[in-house]
Structures are given as C-alpha cells and as structure tokens.
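In: can't give you the sequence, but here's the structure:
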C-alpha cells in the first residue's frame, strides 16, 4: 500500500507541475498604435508637420482609427513627400500630398520632407521597423499534454496493479 501511495503522489506532483507550467499567461497585445511625426530639415526652417492624434486604439474603426498627417510649408520651403515607417492603409491622399489620412496597422513614424525650391530631394530610405510587438505567438495545442498525462496515469495504474498482485 505504501508503494501505491508513493506512486500516486509522484503522478500527482508531475501532473501539477505540467499543468501549472502550461497555464502561464501569455503577454497581452498592444492596446494602442503610437504615431510619431517629424520633419526634415528638423530645424523647421522650411516647414513643419504634425498629426491630429499621437495614438490610436488597435481595434478602432471609422474616424477613431484614422490619423490625419499634415505638412505645412514655411517661408519658401517646398513639401516633397512623406516617408512612413510602419504598416498602414491610406484612406485619402498620397505620400506626395501635404495632407493625408491613414489607418495605422502598427506603430507609425512619419517624416515630412521639405526642400528649397530648385533643389533635388534625396530619395527616401523607408525601411520598416522590426516587429517589437509584446504579443506572444500562438503556442501549441495542449492536447499533447493531456494525452501524455493520460498515458502516464495508465502506466502508473498498470504498475500499481502489478505491485498489488505481487
């Protein structure tokens, strides 16, 4: 009987360790996409830029999920285009329009490029930022753990029955 009790305690301990490990909470997704707007040249001598929002809820729809980017020229500055890092959909306007509306699908970094009239703008080097999301990838199906625990329980029962018959 002592052996049967010991086997039952070991099986119970193994089950509790496996179940507690599989029950760890995955990190939650982001609640907001953050919007950063800058302008080049950064001293604002040729123009400035801004957005009507600095963050947007991830699941926002309609006007709540849209951001208006506005580039305003200053003096004799000439707006060239937007360079936007991040994932987004264009709702209205284009990258060459001083006012455009986007729907962010990730964090956004927008840069409004201004030049002096008659100068040639540099080609934008828009590279997408790496995905630094705090959302964990979907983990495996816990079915294998349930099956392995069932197999372990059956083995423990077989061993216990053999020990009792001896």
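Out: On my side now, so go ahead. In this text, all values refer to a predicted model and were calculated from it rather than measured experimentally.
In: buried ones in the lengthiest helix in the chain?
Out: Determined from DSSP state H, the single longest helix within the chain is helix 143-165. Neighbour-count burial for helix 143-165 flags 156, 160 (criterion: 16 or more other CB atoms under 10 Å). For the C-beta atoms, the positions are set from N, CA and C on the backbone; glycine is no exception.
In: so residue 56 makes contact with residue 102?
Out: No - at 9.6 Å, residue 56 does not count as touching residue 102 under the criterion of CB atoms under 8 Å.
In: tell me, what's touching these two both at once?
Out: Counting by CB atoms under 8 Å, 6 or more residues apart in numbering, the contacts common to residue 56 and residue 102 are 66, 67.
In: what's the neighbour count on residue 94?
Out: Using other CB atoms under 10 Å, residue 94 is surrounded by 9 other residues.
In: distance of residue 155 from residue 148?
Out: Separation of residue 155 from residue 148 (CB to CB, to the nearest Å) stands at 10 Å.
In: mind checking which helix or strand of the chain has the lowest mean pLDDT?
Out: In the chain, no helix or strand scores lower on mean pLDDT, DSSP states H and E than helix 2-22, which sits at a mean of 63.
In: to what extent is the closest residue to residue 68 other than its chain neighbours buried, counted in neighbours?
Out: Spatial nearest neighbour of residue 68, excluding adjacent residues (CB to CB, 6 or more residues apart in numbering): residue 52 at 4.5 Å. Residues contacting residue 52 under the criterion other CB under 10 Å number 11.
In: also residue 86?
Out: 19.
In: pretty sure it contacts residue 103?
Out: No - applying CB under 8 Å as the test, residue 86 and residue 103 come out as separate, 11.4 Å apart.
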